[in-house]
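**Student:** Structure, please.
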Amino acid sequence: MPRSLDPVPMSQSATTMSRLMQPDEANVYGNVHGGAILKYIDEAAAVAAWRHARVPKVVTASFERMSFKEPVFVGDILHCHATVRHTGRTSMVIGVRVEGEDPSTGDVRHVASAHVTFVGLDKTGKPTEVPEVRAETEEEQEKMERAQRIHEAIKAALRG
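**Tutor:** Presented below is the predicted three-dimensional model:
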């Protein structure tokens, strides 16, 4: 059965992945390595991309706008919230907000943010069309507009 390329609501791709940070993911000071956090961002973004596109494969094309705001510590619960915020013909820009939660107090802090571009692939590994993303709220529309600006800046830099 052919898949539909009707616009998909942003909420369909919404993904939250949570994970308890372990000592093997940290340095000697108890701070979780940025590379470990990047891995979890990539996983959450991949799930969001798949939930949006419903294609055989999705692959990371690039990381944009990665910023670390605060350290994450061993014992924190890491939450990665991801949604598709912009689509091209075969690509998707996924916004990821990362939060660290102290499980003993329930305090949650914004620790990192990223925009990650994924490409949808068909069964043969070739790029395939993905549906457009559709905003349902003003907040989602604002997120889509920010992602569009990021996408345009990246394209301009690549042409540069």
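**Student:** helix, strand or coil for residue 123?
**Tutor:** Judged by DSSP: H, G, I helix; E, B strand; the rest coil, the three-state class of residue 123 is coil.
**Student:** Report the secondary structure state of the spatially most central residue of the chain.
**Tutor:** Nearest to the mean C-alpha position of the chain, by Cα atoms, centre = their mean, lies residue 45 at 3.3 Å. Secondary structure assignment for residue 45 (three-state DSSP): helix.
**Student:** quick one: low-confidence parts of the chain?
**Tutor:** 1-4 (pLDDT under 70).
**Student:** what are the ranges of the helices in it?
**Tutor:** 10-13, 34-53, 138-159 (DSSP state H).
**Student:** out of the ones you listed, nearest to residue 88?
**Tutor:** helix 138-159 (7.1 Å; Cβ to Cβ). C-beta: built from backbone N, CA, C; applies to glycine.
**Student:** Now tell me what touches that closest one from outside.
**Tutor:** For helix 138-159, the surrounding residues in contact (Cβ atoms under 8 Å, 6 or more residues apart in numbering) are 10-11, 62, 64-65, 83, 85-86, 88, 93, 95, 115, 117, 133, 135.
**Student:** hang on, the earlier thing: and the helices of the chain, which is most packed in?
**Tutor:** With neighbours taken as mean count of other Cβ atoms under 10 Å, the helices of the chain reach their highest mean count in helix 34-53, at a mean of 21.
**Student:** which secondary structure elements does that helix contact?
**Tutor:** helix 10-13, strand 15-20, strand 57-68, strand 77-87, strand 91-101, strand 108-121 (3 or more Cβ pairs under 8 Å, 6 or more residues apart in numbering; DSSP states H and E).
**Student:** Taking helix 34-53 as reference, get the angle to the fourth one.
**Tutor:** Read it as strand 77-87. Here strand 77-87 runs at an angle of 50 degrees relative to helix 34-53 (axes from the mean of the first three to the mean of the last three Cα atoms, to 10 degrees).
**Student:** what's the spacing between strand 77-87 and its chain's center?
**Tutor:** Distance of strand 77-87 from the chain centroid (Cα atoms, centre = their mean, to the nearest Å) equals 4 Å.
**Student:** swap in the shortest one?
**Tutor:** On the basis of Cα atoms, centre = their mean, helix 10-13 sits 12 Å off its chain's mean C-alpha point.
**Student:** what do you get for stretch 49-65?
**Tutor:** With Cα atoms, centre = their mean, you get 9 Å for stretch 49-65.
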